[in-house]
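Visitor: sequence-free structure coming up:
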Ligand SMILES: Nc1ncnc2c1ncn2[C@@H]1O[C@H](COP(=O)(O)OP(=O)(O)O)[C@@H](O)[C@H]1O
Ligand SMILES: [Mg+2]
């Protein structure tokens, strides 16, 4: 059997004296789209921050493409192929859309491919093409999310981690973001999607991990999770 793209075992992490993650085990296979769901405060952001090197892991192992990346620097982890699109987008507000997209490629030196990827992102998100010279800070929330995702892809990641894709966005905007993500997935990019809207998360991914108080409560195929009575009641507001 081939090794997973990302393999996390017994990961613990937190802030100072506060431990948030208590022994997390999960993996993402090459080309797979996995969602990470759970209530507010479950530890989803903390997990992404630990994986991207913004927060140090206390114990456990994080392997990416067969190599150890635990507690490597954010720059090393980006270089290894993991891009983290943070909650709240964190665009450079006064800079144009194009310049924001180009910052995503700052570790790359393959100028021709960067140009090509930039054109591809403007094709994928036509609204960004229209607004290419506009300051990113003046975009709508949905446009900013598109810009943040496109900027992430400009780093040519092997794994794209998105924190809170749909938060604060209108359903129509979420639909078009979802469509773009499906196109990206079809090109083989692996994805770890953190999403408070479990129904949206399950639509966009094939496997899910439910976090509860810093522990994996249940995981499995999203199809199965969507039929699980506990998941339906506690996380989907369904019976
Ligand atoms: N900078 C921080 N310092 C201390 N505690 C934090 C910090 N950020 C988050 N936490 C705590 O960590 C827990 C998990 O938070 P978070 O990972 O943001 O959850 P989620 O993204 O699932 O809503 C919460 O109890 C939260 O209060
Ligand atoms: Mg969060």
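Guide: Nice, I can see it. Keep in mind that what you see is a predicted model, and the values were worked out from it rather than measured. Ligands and ions are numbered 1, 2, ... in the order given.

Visitor: Residue 125 against residue 181, yeah?
Guide: No. The pair residue 125 and residue 181 fails to qualify as a contact (Cβ atoms under 8 Å) at a distance of 11.2 Å. No exception for glycine: its C-beta is placed from N, CA and C like everyone else's.

Visitor: Please, where are all the strands along the chain?
Guide: Taking DSSP state E to define them, one finds strands in the chain at 6-15, 18-28, 33-37, 57-64, 67-68, 82-85, 159-163, 190-194, 207-212, 215-221.

Visitor: nearest to residue 95, of the ones you listed?
Guide: Nearest to residue 95, of all these, is strand 82-85, at 16.8 Å by Cβ to Cβ.

Visitor: where does this protein come near ligand 1, residue by residue?
Guide: Residues of the chain that fall close to ligand 1, judged by Cβ under 6 Å from any ligand atom: 15, 18, 20, 38, 40, 41, 42, 43, 44, 45, 46.

Visitor: and if we set it to 5 Å?
Guide: Taking Cβ under 5 Å from any ligand atom, the part of the chain that reaches ligand 1 is made up of 15, 20, 40, 41, 42, 43, 44, 45, 46.

Visitor: what number of residues lie near the fourth one?
Guide: Right, residue 41. Using other Cβ atoms under 10 Å, residue 41 has 13 other residues around it.

Visitor: likewise the last one?
Guide: Counted with other Cβ under 10 Å, residues neighbouring residue 46 total 22.

Visitor: ditto for residue 88
Guide: Residue 88: 13 neighbours (other Cβ under 10 Å).

Visitor: Tell me the spacing between it and ligand 1.
Guide: Taking Cβ to the nearest ligand atom, to the nearest Å as the measure, residue 88 falls 12 Å from ligand 1.

Visitor: Now do the same contact list for that residue.
Guide: residue 164 (Cβ atoms under 8 Å, 6 or more residues apart in numbering).

Visitor: What is the longest helix anywhere in the chain packed up against?
Guide: If each helix of the chain is counted by residues according to DSSP state H, the longest one is helix 171-186. Counting by 3 or more Cβ pairs under 8 Å, 6 or more residues apart in numbering; DSSP states H and E, the packing neighbours recorded for helix 171-186 are helix 111-124, helix 141-153, strand 190-194, helix 198-204.

Visitor: any low-confidence regions in the protein?
Guide: 1 (pLDDT under 70).

Visitor: Can you name the residues of it that neighbour ligand 2?
Guide: Contacts of the chain with ligand 2, taken as Cβ under 5 Å from the ion, map to 44, 45.

Visitor: contacting residues for whichever residue of the chain sits closest to ligand 2?
Guide: Residue nearest to ligand 2 within the chain (Cβ to the ion): residue 45, separated by 3.5 Å. Counting by Cβ under 8 Å, 6+ apart, residue 45 touches 87, 163, 194.

Visitor: The second one - how many residues pack around it?
Guide: So that's residue 163. 23.

Visitor: so it makes contact with residue 51?
Guide: No. With contact defined as Cβ under 8 Å, residue 163 and residue 51 do not form a contacting pair (10.8 Å).

Visitor: Quick check: neighbours shared by these two?
Guide: In contact with both residue 163 and residue 51: residue 84, using Cβ under 8 Å, 6+ apart.

Visitor: Just give me the neighbour total for the spatially closest residue to residue 131 that is not a sequence neighbour.
Guide: Computed as Cβ to Cβ, 6 or more residues apart in numbering, the closest residue to residue 131 that is not its neighbour in sequence is residue 97, at 5.5 Å. Residue 97 has 29 neighbours, counted by other Cβ under 10 Å.
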